[in-house]
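Chemist: Need the 3D shape of this:
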Amino acid sequence: MLLLPINEQLKNLQSWQQSVFCMALAEHTILHFHLFCEAVESENGQTIHNIQQLFWEKMTVKGAKINFTIQQEHFEEIIPDSRDFDFYGVYPAIDHCVIMSCAFNSFLTKSADEALNASQTAFATIASFIELQSGDELDESTLMDEPLFQEELAFQQTLLEKLDNERSPDLIKSIRQLVIELGMTNLGIAFND
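Modeler: Residues are numbered from 1 along each chain as shown. Okay, here's the model as predicted:
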């Protein structure tokens, strides 16, 4: 596990904060899943988009009734298996699915570790991308100096600052808007590409 300055904060989030943090990281990485789906000519990008919309709806619409157990079954059917594909794009797509699983778990099991798990996964995506480019396995301090790592840490710190406010639909919508306005994934891929 990466020893990050935010780890302790992530462990101490309330249940709703865990969910919103995971959903924000899922929003931040959903493009990786869409790009994978485009590459393999799959329709699953729409399925994952719909599921993600339901997460946000549950958190912002009072009385929204969503059966996450059934949604999780649909979701698990579309998780790619890395053994079936021989190109790098499957790995960020799988990492996105891990973050989505953290979001599901935050709703279904109320586990206190999901935000930390989602955070670590987002950083692992960056680490594997940097190592692929450099051709070397890098130590933690070298990774921490990488611009993508610095940007992700700043992004997650901003999320935690926003989550330190009283829960409201407007706050949660503003967090989603923050991710959208950021305009790129944790690998620096622009949303409008």
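
Chemist: Give me the distance between residue 44 and residue 33.
Modeler: As judged by CB to CB, to the nearest Å, residue 44 and residue 33 stand 8 Å apart. Placement of C-beta: from N, CA and C, glycine included.

Chemist: quick one: which of the two has more around it?
Modeler: Taking neighbours as other CB atoms under 10 Å, residue 44 and residue 33 compare with residue 33 leading, 29 against 19.

Chemist: give me the element that one is part of.
Modeler: Here residue 33 sits within helix 15-39, counting by DSSP states H and E.

Chemist: Figure out how far that helix is from the centre of its chain.
Modeler: Mean-position distance between helix 15-39 and its chain equals 4 Å (CA atoms, centre = their mean, to the nearest Å).

Chemist: which residues are in contact with the following helix or strand past that helix?
Modeler: For helix 15-39, the succeeding helix or strand toward the C-terminus, using DSSP H and E, is helix 44-60. When contacts are defined by CB atoms under 8 Å, 6 or more residues apart in numbering, helix 44-60 is touched by residues 16, 19-20, 23, 26-27, 30, 33-34, 37-38, 64, 66, 68, 71, 74-75, 78, 96, 100, 103, 107, 169, 172-173, 176.

Chemist: start to end distance for stretch 1-12?
Modeler: Using CA to CA, to the nearest Å, the end-to-end distance of stretch 1-12 comes to 17 Å.

Chemist: Which of the helices or strands spans the closest residue to residue 88 other than its chain neighbours?
Modeler: Distances taken as CB to CB, 6 or more residues apart in numbering place residue 132 nearest to residue 88, at 6.3 Å, with adjacent residues excluded. Counting by DSSP H and E, the element that carries residue 132 is helix 114-134.

Chemist: For that helix, which helices and strands make contact with it?
Modeler: Judged by 3 or more CB pairs under 8 Å, 6 or more residues apart in numbering; DSSP states H and E, helix 114-134 is in contact with helix 7-11, helix 15-39, helix 90-108, helix 140-144, helix 147-163.

Chemist: Give the buried residues for the helix or strand of the chain with the lowest mean pLDDT.
Modeler: Ranked by mean pLDDT, DSSP states H and E, the helix or strand of the chain with the weakest confidence is helix 140-144, at a mean of 86. With burial defined by 16 or more other CB atoms under 10 Å, the residues of helix 140-144 counted as buried are residue 143.

Chemist: who touches it?
Modeler: Around helix 140-144, the neighbours that count as contacts under CB under 8 Å, 6+ apart are 2-3, 123, 126-127, 130, 149-150.
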